[in-house]
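*Asks:* okay, here's the prediction I keep looking at, along with the sequence it came from:
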Amino acid sequence: MSEKNREGKSTARERLAVERQKQKGSEKRRRALIVGASVVCVLALAAVVGVLAAGAGKDKKNTAAGPAVAPSGATGKDGLAIPVGKDGAKSTLTVWEDFRCPACQSFETVYRPTIHQLVDAGQLKVEYHLVTLIDGNTGGSGSRHAANAAACAQDAGKFVAYHDVLYANQPKETDDTFADNGKLIGLAGKVDGLDTPGFRACVNDGRHDSWVAKSNAAFQSGSFSGTPTVLLGGKNIYADQSMTPAKLKQLVQAENKG
């Protein structure tokens, strides 16, 4: 074999060895990339699972659980009504309301003076049922937190005053401001004698959360179209377009004469 042929074969073998080495390097890099991508996927999946787990934990914390603790003096079926007024009143107004509900605030603003007047006169008793419709429709937990705080105010004998303060300071429907217990406790400062350690503990502990959830379940199982639902003699007067505070006063006074 000529020297030239030997050199050619040697060069070919060297090129082949180099190419094989390159292939081995490429294969190592490919395997490394696969392993790296797998690790990234596992870490990403773990992160997602972590977020879901964290969210699940948060939901569990915010979901009312345990026995329903009714506020002091609650009446009606399952103790779901907060009564206001004298037991001897011949007329009873049943109100299903949500503290985040703008329509509920409008009703309160227009009818509150008349309702207070009739209650003070011993002609009307009001039974308030607290629900969390806006929480379910818009998201958040302000309806539940506010309802629990109102129930805590009922324990302290300050429901009516705090009820009115909540509506006077109602945030926009899309703002979950009432989810902040600090805000609810701050508003209690507007009611004489309400901001006490007992009230604060009741609000922060969510003492009546399960009761609120039970009240909302009763609303959902009823044939109600929305909040507020205001019943007088079983008729939803809020749905009556001709209803006015003056007409409500006439209806109540007529029942008291009968």
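*Replies:* Yes, it's here.
*Asks:* and the helices in the chain?
*Replies:* 3-62, 102-120, 133-138, 142-155, 159-168, 181-188, 197-205, 209-221, 245-257 (DSSP state H).
*Asks:* residues of the fifth one that come out buried?
*Replies:* Neighbour-count burial for helix 159-168 flags 159-167 (criterion: 16 or more other CB atoms under 10 Å). Any C-beta I mention is one placed from the backbone N, CA and C, and that applies to glycine too.
*Asks:* between those residues, which is nearest residue 121?
*Replies:* Of all these, residue 121 sits closest to residue 160, with 15.0 Å by CB to CB.
*Asks:* OK, contacts around that closest one?
*Replies:* For residue 160, the contacting residues are residue 84, by CB atoms under 8 Å, 6 or more residues apart in numbering.
*Asks:* what pLDDT does the model give it?
*Replies:* On the pLDDT scale, residue 160 is placed at 98.
*Asks:* coming back round to it: which stretch in the helices of the chain is the model least sure about?
*Replies:* helix 3-62 (a mean of 42).
*Asks:* bridging residues for residue 96?
*Replies:* Beta bridges link residue 96 to residue 129, residue 229 when assigned by DSSP bridges.
*Asks:* pull the number of nearby residues for the spatially closest residue to residue 253 that is not a sequence neighbour.
*Replies:* If the residues on either side of it in the chain are set aside, residue 253 comes closest to residue 123, at 6.5 Å by CB to CB, 6 or more residues apart in numbering. Neighbours of residue 123 under the rule other CB atoms under 10 Å: 20.
*Asks:* wait, residue 123 touches residue 251, no?
*Replies:* No - judged on CB atoms under 8 Å, residue 123 makes no contact with residue 251 at a distance of 10.6 Å.
*Asks:* shared neighbours, these two?
*Replies:* Common contacts of residue 123 and residue 251 (CB under 8 Å, 6+ apart): residue 91.
*Asks:* wait, what's in contact with the closest residue to residue 191 other than its chain neighbours?
*Replies:* The shortest distance from residue 191 to any non-neighbouring residue, by CB to CB, 6+ apart, is to residue 161 (4.5 Å). Under the criterion of CB under 8 Å, 6+ apart, the neighbours of residue 161 are 153, 191-192, 194.
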